[in-house]
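[1] next one to model:
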Amino acid sequence: MFERLPEPRVSRIYRTPSGLVTLHEADCLSWLCDQPDNSFEAVVTDPPYGMVEYTPSQMSKLRNGRGGVWRIPPSIGGHQRKPVPRFTVLDDSDIAQLYDFFRAWGEALRSKLVPGAHVLIATSPLFSHVVSQAMVDAAFEKRAEIVRLTQTLRGGDRPKNAEDEFSGISVMPRSAWEPWILVRKPCEGTVAANLRKWKTGGLRRLPTGPFVDVIASGPTRSSERALAPPPSLKPQAFLRQVVRAILPLGEGTVLDTFAGSGSTLAACESIGYSGVGVELDPEYVSMAATAIPLLAQLSVDSNGLAPGAADTTDHGRSPRPAASVRRKR
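    This is a model prediction of the structure:
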């Protein structure tokens with residue numbers, strides 16, 4: 001479990017017994033303003049896709065099973081399906097607020113990252129262009145989109161209240177993928193020079209070859225949901241792959257400003273990376289304090305990389321053991 005640390009400026013701070021991972025209960029924009037420049041080498045985060053769904057009023061409806069923006073699917077064959085947000089209910093004003101938030105977040109984040117730091121952001125096919133443009137306008141370089149291949153509950157429905165009349169029609173395609181936007185703070189000089197100075201600028205290769213932009217990913221396992229039940233929980237098998245890749249030399253600190261129940265931080269803990277998370281919702285903070293060490297201990301197949309396993313990458317260096325990973329906090 002986490003060790004509680006005293007800190008007067010935020011509600012709560014937790015740290016794993018290893019000292020690798022720290023979680024702050026705070027508003028991420030305010031918290032970022034208090035951080036020194038050049039504090040972090042990477043970001044991997046799963047923010048609210050449409051923002052509206054994680055407002056206090058909508059979260060209250062979700063937790064009470066009342067829906068709102070959240071669609072509460074019926075049980076099928078005795079199995080209760082997970083809630084999913086209905087992003088099609090968002091209007092032009094909601095989309096504009098989404099852009100404004102990510103523009104402000106990107107501008108607040110940029111100076112806190114070292115040159116060449118990559119930022120990986122989970123998003124939705126409906127809004128990935130909005131988030132991408134906001135980050136580019138915040139002076140980040142668009143580098144790629146990582147495609148997580150996974151079947152979701154979005155799309156595939158027949159026209160509402162006319163299902164029988166238009167039985168051969170789907171309103172939109174059934175989603176089978178999830179985009180993760182990859183942007184980078186510009187390097188100082190060449191990538192090689194930036195790697196030498198800041199340890200950033202590229203992505204860590206797999207033992208079998210380059211890190212690729214399409215990753216097959218099944219749904220989050222029931223064993224993980226039992227530890228951290230939020231509906232948007234991403235699987236450790238996927239997160240450990242992308243978290244590992246985000247630090248090209250296996251050195252530095254990974255930041256998650258929308259930590260939720262701590263799945264990204266658990267991936268950091270599992271592979272021996274330093275991680276710092278920020279989460280505003282106190283219920284998720286309490287959940288993460290218990291879930292992170294347990295998720296980190298799960299055995300998963302992360303493209304052949306066992307939990308905590310060392311591997312030799314093609315830059316000719318073996319990664320440092322967890323206890324000697326450079327930390328700023």
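
[2] mind checking which helix or strand of the chain has the lowest mean pLDDT?
    strand 75-76 (a mean of 42; mean pLDDT, DSSP states H and E).

[3] most remote residue from the middle of this protein, which is it?
    Most distant from the centre of the chain: Glu165, at 40.5 Å, with distances by Cα atoms, centre = their mean.

[4] and the nearest residue to that one once chain neighbours are set aside, what does it touch?
    Spatial nearest neighbour of Glu165, excluding adjacent residues (Cβ to Cβ, 6 or more residues apart in numbering): Pro159 at 7.6 Å. Placement of C-beta: from N, CA and C, glycine included. The contact partners of Pro159, by Cβ atoms under 8 Å, 6 or more residues apart in numbering, come to Glu165, Phe166, Ile169, Val171.

[5] wait, a helix at Pro159?
    No: Pro159 is assigned coil when assessed by DSSP: H, G, I helix; E, B strand; the rest coil, not a helix.

[6] where do the helices sit along the stretch 51-200 of the chain?
    56-63, 92-110, 128-137, 191-198 (DSSP state H, counting those that start in this stretch).

[7] quick check: which of the ones you listed is nearest to Ala267?
    helix 92-110 (19.7 Å; Cβ to Cβ).

[8] neighbouring contacts of that closest one?
    28-29, 32-33, 43, 47, 50-52, 90, 119, 127, 130-131, 133-135, 137-140, 185, 257.

[9] where do the strands sit along the stretch 151-300 of the chain?
    Along the stretch 151-300 of the chain, the segments classed as strands by DSSP state E, counting those that start in this stretch run 177-184, 214-216, 253-256, 274-279.

[10] can you add mean neighbour count and mean pLDDT and give these back as JSON lines?
    Below are the strands of the stretch 151-300 of the chain laid out as JSON lines (neighbours: other Cβ atoms under 10 Å; pLDDT from 0 to 100):
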{"stretch": "strand 177-184", "mean neighbour count": "22", "mean pLDDT": "96"}
{"stretch": "strand 214-216", "mean neighbour count": "14", "mean pLDDT": "96"}
{"stretch": "strand 253-256", "mean neighbour count": "28", "mean pLDDT": "98"}
{"stretch": "strand 274-279", "mean neighbour count": "26", "mean pLDDT": "97"}
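
[11] export those to TSV and tack on distance to Thr190?
    TSV is the format used below for these (distance: least, Cβ to Cβ, whole Å):
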stretch	distance to Thr190
strand 177-184	14
strand 214-216	28
strand 253-256	23
strand 274-279	26
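
[12] of all these, which lies closest to Leu227?
    So among the strands of the stretch 151-300 of the chain, strand 274-279 is nearest, using Cβ to Cβ, at 15.9 Å.

[13] give me the sheet partners of that closest one and which way each runs.
    The pairing partners recorded for strand 274-279 under DSSP bridges are strand 21-25 (parallel), strand 253-256 (parallel).

[14] specify the beta-bridge partners of the nearest residue to Thr264 once chain neighbours are set aside.
    Once flanking residues are discounted, Thr264 sits nearest to Asp256: 4.3 Å by Cβ to Cβ, 6+ apart. Listed by DSSP bridges, the beta-bridge partners for Asp256 are Gly277.

[15] check contacts around Asp256.
    Val43, Val44, Thr45, Asp46, Thr264, Leu265, Gly275, Val276, Gly277, Val278 are the contacts of Asp256 under Cβ under 8 Å, 6+ apart.

[16] and those, which two are furthest apart?
    Asp46 and Val276 (15.2 Å).

[17] circling back: do you know how far the residue farthest from the centre of the chain is from Arg225?
    37 Å (Cβ to Cβ, to the nearest Å).

[18] equivalent analysis for Ala266, please.
    Applying Cβ to Cβ to Ala266 and Arg225 gives a distance of 13 Å.

[19] got it, and Phe101?
    Counting by Cβ to Cβ, the gap from Phe101 to Arg225 is 28 Å.

[20] same question for Pro115.
    For Pro115, the distance to Arg225 - Cβ to Cβ - is 38 Å.

[21] give me the low-pLDDT residue ranges for the chain?
    Scanning the chain for pLDDT under 70 picks out the ranges 1-11, 49-89, 153, 302-329.

[22] now do the contacts for the nearest residue to Glu188 once chain neighbours are set aside.
    Closest residue in space to Glu188, ignoring its immediate chain neighbours: Pro115 at 4.4 Å, by Cβ to Cβ, 6+ apart. Neighbour list for Pro115: Lys185, Pro186, Cys187, Glu188, Asn194, Lys197, Trp198, Thr200, Gly201 [criterion: Cβ under 8 Å, 6+ apart].
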